[in-house]
Structures are given as structure tokens and as C-alpha cells.
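Trainee: How does the following fold in three dimensions:
(one chain, ligands or ions: 1)
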Amino acid sequence: MNLTLLTFSPTGQSKACALAVAKATKQEFALFDVTHFIQRRKSLSVEDTTLIIAIPVYGGRVPLLFAEYVKNQLTAHNCDAIVIATFGNRAVEDALVEMEDLLSAKGIPLTAAASIGCQHSYSDRVGQKRPDIEDFQLLDRLAVHLNGKRTIVHPPGNRPYRQAMPRANPPYMPALAASSETISNRQCYRVCPTGALAKQDPTLCIHCCACIQISNHELIMDNPWFVNFTKNLEATCQKRIESILYLS
Ligand SMILES: Cc1cc2nc3c(=O)[nH]c(=O)nc-3n(C[C@H](O)[C@H](O)[C@H](O)COP(=O)(O)O)c2cc1C
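Mentor: Numbering: from 1, shown residues only. Prediction:
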């Protein structure tokens with residue numbers, strides 16, 4: 001079996017899940033991480049391979065930048081795919097069916113899917129300590145399934161999909177915390193999927209929180225809508241939502 005990992009993973013959890021599955025198959029694999037805008041400049045053409053696609057759920061949908069990458073830059077011949085959608089203990093909603101449709105338009109059948117609970121990018125108090133041992137056990141089962149014979153699966157979700165997250169109006173992006181004078185950690189710039197931080201261009205910011213997570217409290221999101229939304233998430237999304245496998 002030939003495996004190709006394709007991931008968009010600003011805070012690294014989706015990529016870690018994809019790697020866990022690929023390593024558990026004990027097969028060789030190629031890895032294409034298209035999180036960063038420089039990586040997304042290159043198109044990807046694959047053949048005779050099983051794609052392991054791992055992405056976060058954004059607003060119950062596929063992240064727009066990844067959907068556009070698949071539409072415009074992925075070509076595939078004689079491939080199938082499994083999809084791992086990681087989510088921050090709120091909801092998966094239509095992300096898996098949207099991914100199924102994006103792949104179907106490329107002639108790539110979906111032969112397994114999983115929604116895997118992870119820490120929410122906005123708050124370490126939502127989806128805390130996930131993925132945990134139970135989540136990783138499901139990823140192991142996915143690897144076993146990958147090594148066997150598979151047919152098409154149809155994950156749950158609605159068509160038409162729920163409305164995409166509206167663009168922030170006015171646009172906002174992370175700001176320096178009151179206690180910091182400058183961004184000392186250059187990694188903050190490097191992890192930004194769009195270059196928004198380096199250009200100080202809030203219209204490019206996708207609010208993925210990658211820079212905040214590695215900034216060691218130098219950066220914060222102080223936008224009132226974001227602060228409110230996060231408080232609400234922390235109040236309403238504490239009950240564990242289980243990860244689920246969809247296998248043929
Ligand atoms: C802009 C944005 C929107 C999100 N929307 C959802 C959502 O609708 N449901 C949910 O459960 N988690 C949501 N999350 C949380 C992520 O799906 C979750 O933290 C994911 O594991 C992050 O993946 P990554 O580490 O690969 O970036 C959202 C995160 C961001 C940044």
C-alpha cells in the first residue's frame with residue numbers, strides 16, 4: 001500500500017493525528033503539509049495512493065484555505081482517501097460531507113472518515129487533554145482498517161452545508177499583550193498560515209491561534225467578539241463529545 005498524508009493544521013493537532021495513523025500502519029508514507037502559504041503555492045499531483053487527509057473543523061466546515069487548495073491545486077489518479085476531521089469539542093457539523101464532496105469532484109472515493117476530539121484552538125479549557133488514549137485507540141483502528149479492503153463510506157452531515165463562518169467585520173488579528181513590548185519569538189511569524197502577522201494585515205488573519213499558542217503569552221486576541229465567543233465556548237462545551245469512526 002502506498003500512503004500520502006495531506007494536512008492543513010495550524011496548531012498541529014490534525015497533523016499529529018494523521019501521523020499517528022500513518023505510523024501505526026507501519027507503511028512508508030509521503031507527507032504534504034499545506035498549512036503555510038509558501039507550501040500552498042505548490043500544486044500536488046498524486047496517483048495510485050491512499051490519501052490520509054487531516055484537517056481541523058472550522059465553523060462546522062472545511063477550512064476555506066484547504067477547500068480552495070483541494071479545488072484548485074490537487075489532482076489525483078487512481079486514488080482513494082480517508083479523512084480525519086479534528087474538532088474542539090463543539091461540533092463537527094458538515095465538515096466531513098463537505099470533504100466527501102470536494103474529493104468526489106476530483107474522482108477520489110472516500111473509504112473511511114473520523115472525527116477526532118482535540119483541544120479547541122481558542123482555549124485550553126475546551127477539549128482539554130485531547131486527543132487522549134481513547135481517541136488514539138480509534139486512530140489505531142483506522143490504521144488497521146487502512147491495511148484492509150475498503151469500500152465507499154458516507155459520513156453524516158447536511159447538504160446544503162451550514163453557512164460558512166462570516167468574515168470578521170471589521171477584521172481583527174492577535175495583538176501584543178499589555179505586558180509585552182515586542183514579539184520576541186520569531187516562530188510566531190513562521191507558523192502564521194497566511195503571513196498576516198508579518199504583514200500586520202488583519203484581513204489575512206484566519207484566527208487559527210497558531211501564533212498565540214506558541215507566543216508564551218506575548219500575543220493575545222483581545223477582540224471583544226472573540227473574547228465573548230471563547231467565554232461562551234468554555235461555558236457550554238465542557239461535556240465530552242466522543243470521537244467517531246466511519247468505516248466501510
Ligand atoms: C477558526 C476556527 C473555527 C473552529 N470551529 C470549530 C467548530 O466549528 N467546532 C469545533 O468543535 N471546533 C472548532 N474549532 C477548533 C478546531 O477544530 C480544533 O481545535 C482543531 O483540532 C485544530 O486543529 P489543528 O491543531 O490541526 O489546527 C475551530 C478552531 C478555529 C481556529
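
Trainee: thought residue 58 was touching residue 193?
Mentor: No. Judged on Cβ atoms under 8 Å, residue 58 makes no contact with residue 193 at a distance of 11.7 Å. The C-beta positions use only the backbone N, C-alpha and C, and glycine is treated the same way.

Trainee: Quick check: which element contains residue 229?
Mentor: helix 224-236 (DSSP states H and E).

Trainee: now check the next helix-or-strand element following that helix, is it near the ligand?
Mentor: Past helix 224-236, further along toward the C-terminus, the next helix or strand under DSSP H and E is strand 244-247. No. Figure legend: strand 244-247 not in contact with the ligand (Cβ under 6 Å from any ligand atom); closest approach 12.7 Å.

Trainee: And the ligand, is stretch 136-144 touching that?
Mentor: No. Contact of stretch 136-144 with the ligand (Cβ under 6 Å from any ligand atom) is absent, the minimum separation being 13.2 Å.

Trainee: Could you chop the chain up by domain?
Mentor: Per automatic domain parsing, the domain ranges recorded for the chain read 3-157, 175-228.

Trainee: Between the two ends of the last one, how far is it?
Mentor: Read that as domain 175-228. 16 Å (Cα to Cα, to the nearest Å).

Trainee: Identify each buried residue in stretch 147-154, please.
Mentor: 150, 153 (16 or more other Cβ atoms under 10 Å).

Trainee: Could you pull up the mean pLDDT of that stretch?
Mentor: Averaging pLDDT along stretch 147-154 yields 94.

Trainee: Repeat that for stretch 180-200.
Mentor: Mean predicted lDDT for stretch 180-200 stands at 95.

Trainee: re earlier: and the helix holding residue 229, how far from the chain's centre?
Mentor: Chain-centre distance of helix 224-236: 20 Å, with Cα atoms, centre = their mean, to the nearest Å.

Trainee: same question, stretch 105-120
Mentor: That offset, for stretch 105-120, works out to 10 Å (Cα atoms, centre = their mean).

Trainee: Over to stretch 131-141?
Mentor: 17 Å.

Trainee: joint contacts of residue 58 and residue 193?
Mentor: residue 206 (Cβ atoms under 8 Å, 6 or more residues apart in numbering).

Trainee: For residue 241, find the nearest of the domains of the chain.
Mentor: For those, proximity to residue 241 was assessed by Cβ to Cβ; domain 3-157 is nearest, at 5.3 Å.

Trainee: Which positions in this protein make contact with the ligand?
Mentor: Counting by Cβ under 6 Å from any ligand atom, the chain sits next to the ligand at 9-14, 56-60, 86-91, 118-121, 207-209.

Trainee: winner for burial among the domains of the chain?
Mentor: domain 3-157 (a mean of 19; mean count of other Cβ atoms under 10 Å).

Trainee: Start and end of that domain, how far apart?
Mentor: OK, domain 3-157 end separation, Cα to Cα: 26 Å.

Trainee: now do stretch 213-231
Mentor: 17 Å.

Trainee: Show me what it is in contact with.
Mentor: With Cβ under 8 Å, 6+ apart as the criterion, stretch 213-231 contacts 11, 121-123, 168, 172, 174-177, 179-180, 183-185, 187-188, 191, 207, 209, 211-212.

Trainee: and with 7 Å instead?
Mentor: Outside stretch 213-231, the residues that touch it by Cβ atoms under 7 Å, 6 or more residues apart in numbering are 11, 122-123, 172, 174-177, 180, 183-185, 187-188, 191, 211-212.

Trainee: can you give me the strands for the protein?
Mentor: 3-7, 29-33, 44-47, 50-56, 74-77, 80-87, 110-117, 175-176, 219-220, 244-247 (DSSP state E).

Trainee: Would you format the ones you listed as JSON lines with distance to residue 152 and mean pLDDT included?
Mentor: Supplementary listing: the strands of the chain in JSON lines, determined by distance: least, Cβ to Cβ, whole Å; pLDDT from 0 to 100:
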{"stretch": "strand 3-7", "distance to residue 152": "19", "mean pLDDT": "98"}
{"stretch": "strand 29-33", "distance to residue 152": "22", "mean pLDDT": "98"}
{"stretch": "strand 44-47", "distance to residue 152": "19", "mean pLDDT": "98"}
{"stretch": "strand 50-56", "distance to residue 152": "13", "mean pLDDT": "98"}
{"stretch": "strand 74-77", "distance to residue 152": "15", "mean pLDDT": "98"}
{"stretch": "strand 80-87", "distance to residue 152": "9", "mean pLDDT": "98"}
{"stretch": "strand 110-117", "distance to residue 152": "6", "mean pLDDT": "98"}
{"stretch": "strand 175-176", "distance to residue 152": "46", "mean pLDDT": "96"}
{"stretch": "strand 219-220", "distance to residue 152": "43", "mean pLDDT": "97"}
{"stretch": "strand 244-247", "distance to residue 152": "11", "mean pLDDT": "98"}
